[in-house]
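Q: Coordinates for the following, if possible.
(one chain, ligands or ions: 1)
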Amino acid sequence: MSTSTSHELDTGGAGGDAARFGEAAHLITAEHGRIVEGLDTDAWGKAAEIITSASGVFTVGTGRSGLALQMAAMRFMHLGKAAHVVGETTTPAIVEGDVLVAASGSGSTKRVVTAARAAADQRAWVLALTTDPDSDLASLATVTLVVPAADKQDFDGTTSAQYAGSLFEQSVLILTDALFHVLWQGSGTTARDLWRLHANLE
Ligand SMILES: O=C([C@H](O)CO)[C@H](O)[C@H](O)COP(=O)(O)O
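A: The predicted structure is shown next:
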């Protein structure tokens, strides 16, 4: 028995929502193409070196930026790193030799800036993903990873046609996945090796 209810819905045909969905998907992927062209790949290379050297990898971000970084934290764990999400009950103290990966499109979100300052005070490395190289977050960073996306309050739509900080938040996931890929390829481990750390209590 079919569960589709499409016969009961008016989707507007080829010129309606179905076509607009395709256009939106193309718009978003095209915006990501422009982000990649605008990256400072040397800075991302330094980030890879720092994460490789670091004892522990901590992540901090709020809202969607933080959610995207939680996915990165899981991948760092899969690489065998001690990975911690700031604010979780079991997250320990950050110390010298650890790295804090902080994401804030605006670069001014208090919780993120406060965590970055605390990490810098401990002489931990701070990797800052932000759209604003002059932000408070960037000023505390060992390496600033500028994502040339729109700030969430860039309402003109000049940098991104998407709502609020969507382009930045998506970029956090894509670029940290690229970082993971570089680290994984350099680690000499196979997908089967990494799979041993995949959650088995889910
Ligand atoms: O959740 C967010 C989103 O923009 C809501 O549409 C942001 O990630 C959250 O507000 C944090 O902002 P930034 O620190 O400026 O990334």
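Q: Just give me the residue closest to the centre of the protein.
A: Central residue of the chain (C-alpha atoms, centre = their mean): Val172, 2.2 Å from the mean position.
Q: Could you check how many residues crowd around the residue in the chain that the ligand sits nearest to?
A: Across the chain, the shortest distance to the ligand (C-beta to the nearest ligand atom) belongs to Gly63, at 2.2 Å. From N, CA and C alone the C-beta is placed, and that goes for glycine too. Burial of Gly63 is recorded as 15 neighbouring residues (other C-beta atoms under 10 Å).
Q: try the one 10 residues further on
A: Ala73 has 22 neighbours, counted by other C-beta under 10 Å.
Q: For the residue of the chain closest to the ligand, grab phi and psi.
A: phi 50, psi -140 (degrees, to the nearest 10).
Q: re the thing from before, look at the closest residue to the residue nearest to the centre of the chain other than its chain neighbours and report its pLDDT.
A: Using C-beta to C-beta, 6 or more residues apart in numbering and skipping the chain neighbours, the partner closest in space to Val172 is Ala68 (3.8 Å). Here, the pLDDT recorded for Ala68 equals 98.
Q: Quick check, pLDDT for the residue of the chain closest to the ligand.
A: 98.
Q: ok, now which ones touch it?
A: If a contact means C-beta atoms under 8 Å, 6 or more residues apart in numbering, then Gly63 has Glu169 as its contacts.
Q: switch to 10 Å and redo it
A: Contact analysis of Gly63 by C-beta atoms under 10 Å, 6 or more residues apart in numbering lists 103-105, 109, 152, 164-165, 169.
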